[in-house]
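Peer 1: Mind folding the following:
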Amino acid sequence: MKEQFVAYIRHLQDSITSKLEAIDGKARFAEDIWERPEGGGGRTRVIENGAVFEKGGVNISEVHGKLPESMQQYFGVQDADFFACGLSLVLHPVNPMVPTVHANWRYFELYNAEGDIVDQWFGGGQDLTPYYLFEEDAKHFHQVCKDACDKHNPEFYRTYKARCDEYFYNEHRNEARGVGGLFFDYCKVSEEMTMENWYDFVTEVGNSFLNSYVPIVAKRKDSAFTKAQKDWQEIRRGRYVEFNLVHDKGTLFGLKTNGRIESILMSLPPTVQWKYDHHPEAGSEEEKLVEVLKTPKEWV
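Peer 2: So this is what the prediction gives:
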């Protein structure tokens, strides 16, 4: 299974980066091949200072070795080795009318001292973080997510949409990071699903990504915006940073397993503001966004 999924994410990275370069029209992804001393490595691709994307990354990694003691406690295992692979992407647009997007699709295996697989699972998802709320964009993103889920189980969208709303939430701010999408983890063999079934589902979602996001970018990338709207984008980016550094499990896993810092923190935006006790004006478009982020909404 791991060879099959590694081949998939390598191909998906190529597909996504080539499409994003075509949309940007100016910048190209710089590629960085890296190795992890304990085992494995990855292929990081970063785009910066583009016409559409201020900063973004589409990274793949395949890492393996001894599971650190802190992570053994987390997973409830002892003296275990691990293999993990996945594709992770974050795109921060220039234009504040274009939302930031994040996606990740991953596969894990845990091994005992004899090298036998003792556990394996898939995880992943994708979520949208707008700075100005266009409801038709949120509906489009969620509809594509739902269509991908419905091909495999009519309950998947409702279940994983709810988990996304719960996971991508800044508890210290009492607000969601964005308008959600899908979040699934520990997708293991069950009576209903084999690992091959999970592979088909996860790759279905991964293949749907460009259709979920690119039409939104195409619609909004040339919109006019003011300095004040750019400032608001940077203030909201601060909330994004807070989530990634305080709550995100992927960041924690990377740091605990001696991951490559540049790739782990690639998700952070290039320019951010933190204004003391900042609140948007009553009745403004900025307040409209914040109000929606306080309570999860059904978009489709």
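
Peer 1: And for G50, the neighbour number?
Peer 2: Using other Cβ atoms under 10 Å, G50 has 21 neighbouring residues. All C-beta spots, glycine's among them, are computed from the backbone N, C-alpha and C.

Peer 1: Please name the nearest non-neighbouring residue to it.
Peer 2: Spatial nearest neighbour of G50, excluding adjacent residues (Cβ to Cβ, 6 or more residues apart in numbering): A27 at 3.2 Å.

Peer 1: Run through the strands of the protein in chain order.
Peer 2: Under the criterion DSSP state E, strands of the chain are mapped to 30-35, 40-48, 53-66, 81-93, 100-111, 117-129, 169-170, 175-176, 180-187.

Peer 1: re the thing from before, residues in contact with the residue nearest to G50?
Peer 2: 21, 47-51, 53 (Cβ atoms under 8 Å, 6 or more residues apart in numbering).

Peer 1: now do V272
Peer 2: 234, 237-238, 241.

Peer 1: just the buried members of these?
Peer 2: For the contacts of V272, a burial check counting by 16 or more other Cβ atoms under 10 Å picks out 234, 237.

Peer 1: now the contacts of V272 in JSON lines, with distance to K275 and pLDDT?
Peer 2: As requested, the contacts of V272 are exported to JSON lines (distance: Cβ to Cβ, whole Å; pLDDT from 0 to 100):
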{"residue": "E234", "distance to K275": "9", "pLDDT": "98"}
{"residue": "R237", "distance to K275": "12", "pLDDT": "97"}
{"residue": "G238", "distance to K275": "9", "pLDDT": "96"}
{"residue": "V241", "distance to K275": "14", "pLDDT": "93"}
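
Peer 1: Show me which of the contacts of V272 is closest to E109.
Peer 2: V241 (31.3 Å; Cβ to Cβ).

Peer 1: Now do the closest one against L87, distance only.
Peer 2: In this structure, V241 and L87 are 22 Å apart, going by Cβ to Cβ, to the nearest Å.

Peer 1: Helices of the stretch 201-300 of the chain, start to end?
Peer 2: Secondary structure of the stretch 201-300 of the chain (DSSP state H, counting those that start in this stretch): helices at 227-246, 249-256, 261-264, 285-294.

Peer 1: looking at those, which one has the lowest mean pLDDT?
Peer 2: Of all the helices of the stretch 201-300 of the chain, helix 249-256 carries the lowest average pLDDT, namely a mean of 78.

Peer 1: Isn't K55 up against H92?
Peer 2: Yes: with contact defined as Cβ atoms under 8 Å, K55 counts as touching H92 (4.8 Å).

Peer 1: Going by contacts, tell me the helices and strands next to the least confident helix or strand in the chain by mean pLDDT.
Peer 2: Least confident helix or strand of the chain, by mean pLDDT, DSSP states H and E, is helix 69-75 with a mean of 76. Under the contact criterion of 3 or more Cβ pairs under 8 Å, 6 or more residues apart in numbering; DSSP states H and E, helix 69-75 touches helix 249-256.

Peer 1: Report the distance from the helix it packs on to the chain centre.
Peer 2: Mean-position distance between helix 249-256 and its chain equals 14 Å (Cα atoms, centre = their mean, to the nearest Å).

Peer 1: do stretch 293-300 as well
Peer 2: Here stretch 293-300 shows a centroid-to-chain-centroid distance of 19 Å under the convention Cα atoms, centre = their mean.
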